[in-house]
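Novice: Okay, predicted coordinates and the sequence, questions at the end:
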Amino acid sequence: MATQAEPVVSGPAAAVKRVAVVGGGTMGNGIAQVFATAGLEVALIDVKPEFVERALGTIGKNLDRVAKKQGWEASKAPEILGRIRGGTSLEGARDASLVVEAVSEEFGLKRTVFETLDRLAPADAVLASNTSSISITEIAAVTRRADRVIGMHFMNPVPVMALVEIIRGLATSDATCALTEDLSPPARQDAGRGQRLSRLRLEPRPDAHDQRGGLLPDGGRGLGGGDRHGDEARHEPSRWARSRSPT
């Protein structure tokens, strides 16, 4: 498993110490694991305590498996797990420099999450989505920080697949893209080796507009939605799909 990494000491992400992951399903707990392994403090947020405990239990088992395979010292896996704090409120994102949303592929649900994160997360925090099919531009439009919204599409299983697809929306800034790429776990794992295992994709400009010249309303697919065959359908869905979003 590609889980041995050291914190970045230079570059755009050097000052980042805390991230948050929203959604504790297969993707969410894997994302939390790789960030914690990379030396970051992680807030793992889901809607019910039992979902959070299940996610932490999965991470613990995965780390124990890696520890045995790679011959880690006995203290290493518990130290990594200790960097992850679970919670059921998006208030946990208040001190995060990066928030990665990993809830189910429903625009209405993501909209609620991003609107709430936009109010709670620091003004300079980057809000990322792990979506495999929904337009980053549409998601960014529900926030007041479209320049700091980006796609961060991890591959499944996250701790094993050393690849993150970074997707720029139409308003995503160069600084946001640089920080996100620098912060991606693959970049951290390969720091100093001249190898970057993240790839960048720019969303196409919309082909479809409404009569006022604006972007398509919710649910529209004119901004690239549906043009990617992601692997989300094969993932265990986040429990966010089955309960109300926390605040």
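Specialist: It's in.
Novice: Count the residues that sit near Asn156.
Specialist: 17 (other Cβ atoms under 10 Å). The way it works is simple: take the backbone N, C-alpha and C, and place the C-beta from them, glycine included.
Novice: my guess is it meets Gly28, correct?
Specialist: No: using Cβ atoms under 8 Å, Asn156 is not in contact with Gly28; the gap is 11.3 Å.
Novice: Wait, Pro157 touches Met27, no?
Specialist: No: between Pro157 and Met27 there is no contact under Cβ under 8 Å: 9.1 Å.
Novice: So the two - more neighbours on which side?
Specialist: Between Pro157 and Met27, counted using other Cβ under 10 Å, Met27 has the larger neighbour count: 27 against 14.
Novice: And for the more buried one, nearest residue in space, chain neighbours not counted?
Specialist: Ala102 (4.6 Å; Cβ to Cβ, 6 or more residues apart in numbering).
Novice: Now do the same contact list for the one you found.
Specialist: 21-23, 25, 27-28, 31, 130, 154, 238 (Cβ atoms under 8 Å, 6 or more residues apart in numbering).
Novice: One more: Glu115?
Specialist: Each residue near Glu115 by Cβ under 8 Å, 6+ apart is listed here: 142-143.
Novice: Shouldn't it be within a helix?
Specialist: Yes: with DSSP: H, G, I helix; E, B strand; the rest coil as the criterion, Glu115 is located in a helix.
Novice: Roughly how far does it sit from Ser104?
Specialist: According to Cβ to Cβ, to the nearest Å, Glu115 stands 17 Å off from Ser104.
Novice: and the residue nearest the centre of the chain, helix, strand or coil?
Specialist: Nearest residue to the geometric centre of the chain (Cα atoms, centre = their mean): Val100, 2.8 Å. Classification of Val100 using three-state DSSP returns strand.
Novice: Which strand or helix spans Ile167?
Specialist: Assigned by DSSP states H and E, Ile167 falls within strand 164-168.
Novice: what are the pairing partners of that strand, and which direction each?
Specialist: In the sheet, strand 164-168 lines up against strand 149-154 (antiparallel), strand 198-202 (parallel) (DSSP bridges).
Novice: follow-up on the earlier one: ok, the residue nearest to the centre of the chain - contacts?
Specialist: Residues near Val100 by Cβ under 8 Å, 6+ apart: 19-22, 31, 128-130, 152.
Novice: let's see it at 6 Å
Specialist: 21, 31, 128, 152 (Cβ atoms under 6 Å, 6 or more residues apart in numbering).
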